[in-house]
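[1] Provide a 3D model corresponding to the input given below.
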Amino acid sequence: FKFAKMTNVSNAVVWECVKKSNCFLRKGIHGGNHRTMFSAEPGNLYNKHSYKFSGLRHENDFVGVQANKDDTVDFIKGSKKNVGKPAKAATHYKWKQNARRSLVSVGKQVASMRPDLKYPAQARMAAVQKSLRVKKALSK
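    Numbering: from 1, shown residues only. Prediction:
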């Protein structure tokens, strides 16, 4: 998933345009007037509607982790050189290996792009791998 590149528009301007309403925004009411806002963006690690985690704001350096049907974990990384080519904009890495080794690999990949998202990406990867282990245990 990738949007076409907008020339001469900063990430801050893009966020100001999409933060109030976009098709990925999920609003929920919990505990009175407090609104919890979530996001269903493919490039959003925590599914939080915030500037830091937004996959819409970061057009070329987004990160995603998801589970596949064949009990593997997909790590999705944005590519800076293919921003204008939606089919090639994201690189998918598939991991079937040991959980600890994959956490180290994800940490290295994300740290090279966005050091601030290293620990959230590793936490998301660990959560997805744990869900796959639970799914395997229940199916036995």
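[2] if I pick the closest residue to Ala67 other than its chain neighbours, what's in contact with it?
    Spatial nearest neighbour of Ala67, chain neighbours left out: Val128 (5.0 Å); criterion: Cβ to Cβ, 6 or more residues apart in numbering. C-beta: built from backbone N, CA, C; applies to glycine. By Cβ atoms under 8 Å, 6 or more residues apart in numbering, Val128 lies in contact with Val65, Gln66, Ala67, Val73.
[3] which stretches of this structure form strands?
    25-29, 35-39, 63-67, 73-78, 90-95 (DSSP state E).
[4] how far away from the center of its chain is the fourth one?
    Same thing as strand 73-78. Between the centre of strand 73-78 and the centre of its chain there are 8 Å (Cα atoms, centre = their mean, to the nearest Å).
[5] what are the pairing partners of that strand, and which direction each?
    Strand 73-78 pairs in its sheet with strand 63-67 (antiparallel), strand 90-95 (antiparallel), by DSSP bridges.
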